[in-house]
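Asker: quick one, structure for this:
(chains A, B, C and D)
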Protein chains: 2
Amino acid sequence: MNKRKTNTTEASILKAAKTIFLHKGMDGARMQEIADEAGINKSMLHYYFRSKELLFKAVFMEAFSTLAPQLNEILNADSSICDKIKGFSHNYITFVIAHPYLPNFILQEMNRNNEFVNDLISKNHFPSIKKFKLQVKEKVADGTLRPIKAEHLFINIMALNIFPFVASPLLKKVLDTSDTQFKNLIEERKTEVAEFIINAIKV
Amino acid sequence: MNKRKTNTTEASILKAAKTIFLHKGMDGARMQEIADEAGINKSMLHYYFRSKELLFKAVFMEAFSTLAPQLNEILNADSSICDKIKGFSHNYITFVIAHPYLPNFILQEMNRNNEFVNDLISKNHFPSIKKFKLQVKEKVADGTLRPIKAEHLFINIMALNIFPFVASPLLKKVLDTSDTQFKNLIEERKTEVAEFIINAIKV
DNA sequence: GTCTATAGCCAGATAGAC
DNA sequence: GTCTATCTGGCTATAGAC
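Answerer: Numbers count the residues shown, from 1 in each chain, chains lettered A, B, ... in the order given. Predicted coordinates:
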């Protein structure tokens, strides 16, 4: 009985905290706002998570844990480079359409350079680029790919997939698009991005 | 005499405010910290700029005014698309190496969605994509360019140039590079990015 | 476990002497 | 114009009743 209440309250706090932290960041978020969002008393936040920082850590880790593994589709899968790029772009964009604030939140908090964010990440068995590096080197050597460093290719894949979500307010202004039109553009990018990259690297 | 002191003090406040706001954002910045950075008394900030918000607006506008005009090299120059991409990538990356916190600051504050940021920007004769759209359409029609929407090409150019600066903490971890190695990668991108894009769009 | 009330602190802003 | 001192409000966090 106690256990059940603990679980549901704790979960609703986490859910509310996620909403607020993702929209406003650590510095902009208010404990009161999170409590209101969860429909419970502010002191409950401290009862369950002890401090704003610990609550934030929980949210950040959960957010990070959903994004980091997706990189493995590029870095550690066994498929061809083309298939990786097609698969990742489609899956990643589909996922982020459903969670549009995630990428900006992660990047922003990593840029704030708190020791703990970087600590948490280091410990969290970060995906390594090692295997991908070998694969690219090999394909460049045998002439299947234009000469390109794996590092640049990886940065480019990330950039083309992630950037539109991080820069959407700016892009909407320059492109002079409505929200609906912008959504359509993003939808198109599920295939557009992979096509663009593959054209860039194929011989 | 008074005039000179006004100018130098006001300038040193603005400079300090730029440093602090760019590193910490509106929410994370403290007026005391800005005063310390400028080496003057906190009440001077209010004497010259009246409030934190007005000081922030001044900083944001100055930052935005240095970045926005650079988009014109892509959007409104008279050169060929290839030359635009080469020129912009080289110039933009060179500029941001010297001001690495600028892009993240602008994107972050636009994402906070304060009315005033969006208002300020709307009034600031934002560069339009109109001319670039015509140019791309024309080149696609006459077969000089692979079929691509101007919107996607523009997003891609922005993404490939800006993203590495916004995501540097993440990229450094995944790529497992030192600061020096990462700087070298960025340096390479002055030409690498344009090459990549041109390969992607040429027939 | 959940609430109310409040402690304690720190930030932005102002008053007023010089 | 520049300083010191201080007000005021809002925020995190906790004490304590239920």
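
Asker: drop to CA atoms for contacts and neighbour counts, all remaining ones
Answerer: Fine.

Asker: now do the buried residues in the helix or strand of chain A with the lowest mean pLDDT.
Answerer: Every helix and strand in chain A was compared by mean pLDDT, DSSP states H and E; the lowest is helix A:115-123, with a mean of 80. Residues A:Val117, A:Asn118, A:Ile121 are the ones in helix A:115-123 that count as buried (16 or more other CA atoms under 10 Å in any protein chain shown).

Asker: from the contact counts, what lies against the helix or strand hosting A:Asn91?
Answerer: A:Asn91 belongs to helix A:81-98 when assigned by DSSP states H and E. Applying 3 or more CA pairs under 8 Å, 6 or more residues apart in numbering or on different chains; DSSP states H and E, we find helix A:81-98 packed against helix A:72-75, helix A:150-166, helix A:179-201.

Asker: where does pLDDT dip in chain A?
Answerer: Filtered on pLDDT under 70, chain A yields the residue ranges A:1-5.

Asker: quick one: the helix or strand where A:His23 lies to chain centroid distance?
Answerer: Using DSSP H and E, A:His23 falls within helix A:2-28. How far helix A:2-28 lies from its chain's middle: 19 Å, per CA atoms, centre = their mean, to the nearest Å.

Asker: for the helix or strand that that helix is followed by, give me every contacting residue.
Answerer: Using DSSP H and E, the next helix or strand after helix A:2-28 towards the C-terminus is helix A:31-38. Helix A:31-38 is contacted by residues A:Ser12, A:Ile13, A:Lys15, A:Ala16, A:Ala17, A:Ile20, A:Asn41, A:Lys42, A:Met44, A:Leu45, A:Lys52 when judged by CA atoms under 8 Å, 6 or more residues apart in numbering or on different chains.

Asker: the second one is in contact with A:Leu45, isn't it?
Answerer: If I follow you right, that is A:Ile13. Yes - at 7.0 Å, A:Ile13 counts as touching A:Leu45 under the criterion of CA atoms under 8 Å.

Asker: what is the burial count for the residue of chain A found nearest chain B?
Answerer: Residue nearest to chain B within chain A: A:Ala200 (3.8 Å; CA to the nearest CA). Residues lying near A:Ala200 (other CA atoms under 10 Å in any protein chain shown) number 21.

Asker: excluding chain neighbours, what is closest to it?
Answerer: For A:Ala200, ignoring the flanking residues on the chain, the nearest one in space by CA to CA, 6 or more residues apart in numbering or on different chains is B:Ala200 at 3.8 Å.

Asker: got a list of what that neighbour touches?
Answerer: Residues counted as contacts of B:Ala200 (CA under 8 Å, 6+ apart) are A:Phe196, A:Ile197, A:Ile198, A:Asn199, A:Ala200, A:Ile201.

Asker: equivalent analysis for A:Tyr92, please.
Answerer: Taking CA under 8 Å, 6+ apart, we find A:Tyr92 in contact with A:Gln70, A:Asn161.

Asker: could you list the domains of chain A?
Answerer: With domains defined by automatic domain parsing, chain A comprises A:2-50, A:65-201.

Asker: can you tell me which of the ones you listed comes nearest to B:Glu192?
Answerer: For B:Glu192, the closest of these is domain A:65-201, at 8.1 Å, according to CA to CA.

Asker: contact residues of chain A facing chain B?
Answerer: Residues of chain A lying close to chain B by CA under 8 Å from any CA of the partner chain are A:23-24, A:27-28, A:104, A:107-108, A:110-112, A:126-129, A:151-152, A:155-156, A:159-160, A:163-164, A:166-167, A:169-171, A:173-176, A:185, A:189, A:196-201.

Asker: now, of the residues you listed, which are buried?
Answerer: Counted by 16+ other CA under 10 Å, the residues of chain A next to chain B give A:23-24, A:104, A:107-108, A:110-112, A:127-129, A:151-152, A:155-156, A:159-160, A:163-164, A:166-167, A:169-171, A:173-175, A:185, A:189, A:196-201 as buried.

Asker: against A:Ser168, how distant is A:Asn161?
Answerer: From A:Asn161 across to A:Ser168, the span is 12 Å (CA to CA, to the nearest Å).

Asker: likewise for A:Ile40?
Answerer: 33 Å.

Asker: who has more neighbours, the two?
Answerer: More crowded of A:Ile40 and A:Ser168, by other CA under 10 Å: A:Ser168, with 20 against 15.

Asker: still on that earlier bit, out of the contacts of B:Ala200, which comes closest to A:Leu134?
Answerer: When the contacts of B:Ala200 are compared for distance to A:Leu134 (CA to CA), A:Ile201 wins out at 16.1 Å.
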